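Colleague: Need coordinates for the following:
(chains A and B)
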Amino acid sequence: MDLSRRYHVTGVPKTIVNESIEILGAVPEAQFVESALGEPGASTDA
Amino acid sequence: MALLSASDEAALKEHLAAIDTPVSLLLFTQTIGGSEGGPIAKQVLDELALLNDKIAVVEKNFVLDTEDRTRYGVEREPAIVVLRDGADTRMRFLGAPTGYEFVPLVEAILLAGTGKAELEDATVAKLDKVTSPVDIKVFSTPT
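Modeller: Predicted structure coming up:
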């Protein structure tokens, strides 16, 4: 519970990358990689 | 009482048959005052290990095995550390791997035991260019 509070997890799946990038939901693989690696223009609001 | 039915066991056994490299699952639990998920995690892992002789469960004491906790960065229990032929895959599971968490555990074991990731070529190409550590935490729920 402490982790879900710390990372403000109110729905799952939720992914946290390098403590800063948030990816909500089960997104397609290509989109996930772009978001996770922080590429320019990547959306994290899936 | 077993968590897996006979038909589940048969299907899983077939699924895990592709494993060609030993997989060790280090399970950190705390007996006294520990999470209620500890005994459940142990049962899940024990039942999985029975399905393939290349899967081994190694129990670690969360309170006493501090050296291993430090080595594998385990800060909570129950925690599962997945090793491929003794090497750290850096995959971790926190909490009891039941419900929707069970399939990801099985897939992690399969990945560790085969070394074959089912990623798209474009993904692999992007990952090849990663030069600094990437920490990924996925929150899920067993139900």
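
Colleague: do you know how far B:Ile55 is from B:Thr114?
Modeller: Look at B:Ile55 and B:Thr114: by Cβ to Cβ, to the nearest Å, they are 12 Å apart. Where C-beta positions appear, they are placed from N, C-alpha and C, glycine not excepted.

Colleague: who has more neighbours, those two?
Modeller: B:Ile55 (19 against 15; other Cβ atoms under 10 Å in any protein chain shown).

Colleague: pLDDT score for that one?
Modeller: You'll see B:Ile55 listed with a pLDDT of 98.

Colleague: show me what contacts the nearest residue in space to it that is not next to it in sequence?
Modeller: What sits nearest to B:Ile55 in space, not counting adjacent residues and going by Cβ to Cβ, 6 or more residues apart in numbering or on different chains, is B:Ala49, at 4.6 Å. B:Ala49 makes contact with B:Leu25, B:Ile55, B:Ala56, B:Val57 under the criterion Cβ atoms under 8 Å, 6 or more residues apart in numbering or on different chains.

Colleague: List only buried entries from the residues you listed.
Modeller: B:Leu25, B:Ile55, B:Val57 (16 or more other Cβ atoms under 10 Å in any protein chain shown).

Colleague: where along chain B do the helices fall?
Modeller: Here chain B has its helices, by DSSP state H, at B:6-16, B:37-49, B:66-72, B:102-114, B:121-128.

Colleague: Buried residues of the first one, list them for me.
Modeller: Neighbour counts using 16+ other Cβ under 10 Å place B:Leu12, B:Leu16 of helix B:6-16 among the buried residues.

Colleague: elements contacting it?
Modeller: Applying 3 or more Cβ pairs under 8 Å, 6 or more residues apart in numbering or on different chains; DSSP states H and E, one finds that helix B:6-16 makes contact with helix B:37-49, helix B:102-114.

Colleague: Residues of chain A that sit close to chain B?
Modeller: Applying Cβ under 8 Å from any Cβ of the partner chain, one finds that chain A approaches chain B through A:3-4, A:7, A:9, A:12-19, A:29-30, A:33-34, A:36-37.

Colleague: May I have stretch B:132-139 exported as CSV, CA atoms only?
Modeller: Only the C-alpha atoms of stretch B:132-139 are listed here, as CSV (Å, rounded to 0.1, in the frame of the first residue of the first chain):
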residue,chain,number,x,y,z
SER,B,132,21.7,4.0,-19.0
PRO,B,133,19.8,2.0,-16.4
VAL,B,134,16.0,2.0,-16.8
ASP,B,135,13.9,1.2,-13.7
ILE,B,136,10.4,0.0,-14.5
LYS,B,137,7.8,-0.6,-11.9
VAL,B,138,4.5,-2.1,-13.0
PHE,B,139,1.6,-1.9,-10.5
